[in-house]
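Undergrad: Quick one, fold the following:
(one chain, ligands or ions: 1)
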Amino acid sequence: MKSCYLVDTHAHLDMSPLGHNISAVLERAAEQGVRQVITIGIDQKTSARALEIAREHPDVYSSVGVHPHDAEGTDATVIDSLVNLARENLSKVVAWGETGLDYAKEYSPRNVQKEVFAMQIDAACALGLPLVIHARDANEDALAILSSRLKQGCTGVFHCFSGDRAVAERVLDLGFYISVTGVVTFKNAEVTRDVVRYVPADRLLVETDAPFLSPVPFRGKPNEPARVRIVADEVARVREISAEEAACRTTENAQALFGLPVL
Ligand SMILES: [Zn+2]
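TA: A predicted model of the protein is given here:
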């Protein structure tokens, strides 16, 4: 099998400490064979910054979107400006998100989260961009809204997937991908490892969610894209495939979903 590089499909390169020296972060990633990174926006300001970072670094791509934490105060004007930002930069903006529902922290009221999520599904589908879904303690409602709202051919990924096999089945039925973070290395994450075993090879993605969710043995320390290598190696171990195969398959999937160039 050919040698495959890895893609970190979800990082926040603008956030501290990554944002202090992004070139060094990308160099350390490259040393681990991580050659493409998607940096994710969580509101208007960070979406603009994510795009700026993507334009400064040839192998970095970005998303635009509003995190459910920031749903309150987000109106059609905000969404329209993000639509325009994406539309003018479609060679670099490869996804819409992260968007979704977070009932664990519930920083914005649930009804507002739902409304802003629905608006973003419409925007992503109109642009033809895949959705990056953040769902915490909210898989049921997220699936219900997606089912009623998604247009034909519109798809995406459940990032940092937190459900069990039954939820995964419904996500897959909707045509979505499932992405796992360093959580898959945590001792108490048997349900996530079970999902990793279950997801078809052509629907699984890996990500860091850096600077959050560092895998073991770096748990609790700031995370960075280089460590998606650890996530992919754990996926390989759990699925009983070679590390090489895990890298090849997850990278092919990232390229298929986000339309990334093949290096
Ligand atoms: Zn994130």
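
Undergrad: any chance you could map the strands in the stretch 101-250 of the chain?
TA: Using DSSP state E, counting those that start in this stretch, the strands of the stretch 101-250 of the chain run over residues 131-136, 156-158, 177-180, 204-206.

Undergrad: Tabulate those (a markdown table), appending mean pLDDT, distance to residue 214 and mean neighbour count.
TA: Every residue, glycine included, has its C-beta placed from N, CA and C. Rendered in a markdown table, the data for those read as follows (pLDDT from 0 to 100; distance: least, Cβ to Cβ, whole Å; neighbours: other Cβ atoms under 10 Å):
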| stretch | mean pLDDT | distance to residue 214 | mean neighbour count |
| --- | --- | --- | --- |
| strand 131-136 | 98 | 18 | 26 |
| strand 156-158 | 98 | 21 | 28 |
| strand 177-180 | 98 | 14 | 27 |
| strand 204-206 | 98 | 14 | 27 |
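
Undergrad: Of those strands, give the one that comes closest to residue 164.
TA: In this view, the strands of the stretch 101-250 of the chain are compared for proximity to residue 164 by Cβ to Cβ, and strand 177-180 is the closest at 11.6 Å.

Undergrad: Next one: residue 89 from residue 51, what distance?
TA: As defined by Cβ to Cβ, to the nearest Å, residue 89 lies at a distance of 6 Å from residue 51.

Undergrad: can you tell me the distance between the two ends of stretch 220-231?
TA: The first and final residues of stretch 220-231 sit 15 Å from each other (Cα to Cα, to the nearest Å).

Undergrad: got the buried residues for that stretch?
TA: Neighbour counts using 16 or more other Cβ atoms under 10 Å place 223, 224, 225, 226, 227, 228, 229, 230, 231 of stretch 220-231 among the buried residues.

Undergrad: next one: stretch 83-103
TA: 83, 85-86, 92-103.

Undergrad: Which pair in those has the greatest spatial separation?
TA: Between all members of the buried residues of stretch 83-103, the longest pairwise span (Cβ to Cβ) is found for 92 and 103 and amounts to 32.1 Å.

Undergrad: Any stretches of the stretch 101-250 of the chain with poor pLDDT?
TA: The stretch 101-250 of the chain contains no residues with pLDDT under 70.

Undergrad: quick one: the helices in it?
TA: Chain-ordered helices for the stretch 101-250 of the chain, with DSSP state H, counting those that start in this stretch as the definition, fall at 110-127, 139-149, 165-173, 190-198, 228-239, 243-258.

Undergrad: okay, the ones you listed, which one's buried deepest?
TA: Per-stretch averages of neighbours, counted by mean count of other Cβ atoms under 10 Å, single out helix 228-239 among the helices of the stretch 101-250 of the chain, with a mean of 23.

Undergrad: Next, the angle helix 243-258 makes with that one.
TA: 110 degrees (axes from the mean of the first three to the mean of the last three Cα atoms, to 10 degrees).

Undergrad: Helix 228-239 packs against which elements?
TA: strand 6-11, helix 190-198, strand 204-206, helix 243-258 (3 or more Cβ pairs under 8 Å, 6 or more residues apart in numbering; DSSP states H and E).

Undergrad: which residues touch the shortest one?
TA: Contact with strand 204-206 is made by 6-9, 157, 177-181, 196, 228, 231-232, 235, 246, 249-250, 253-254, 257, as judged by Cβ atoms under 8 Å, 6 or more residues apart in numbering.

Undergrad: Recalculate using a threshold of 7 Å.
TA: Contacts made with strand 204-206 from outside it, assessed by Cβ atoms under 7 Å, 6 or more residues apart in numbering, are listed as 6, 9, 157, 177-180, 228, 231-232, 235, 250, 253-254.

Undergrad: what about the residue nearest to residue 207 when sequence neighbours are not counted, how many residues close to it?
TA: Ranked by Cβ to Cβ, 6 or more residues apart in numbering and with sequence neighbours excluded, the top spatial neighbour of residue 207 is residue 10, at 3.6 Å. Neighbours of residue 10 under the rule other Cβ atoms under 10 Å: 30.
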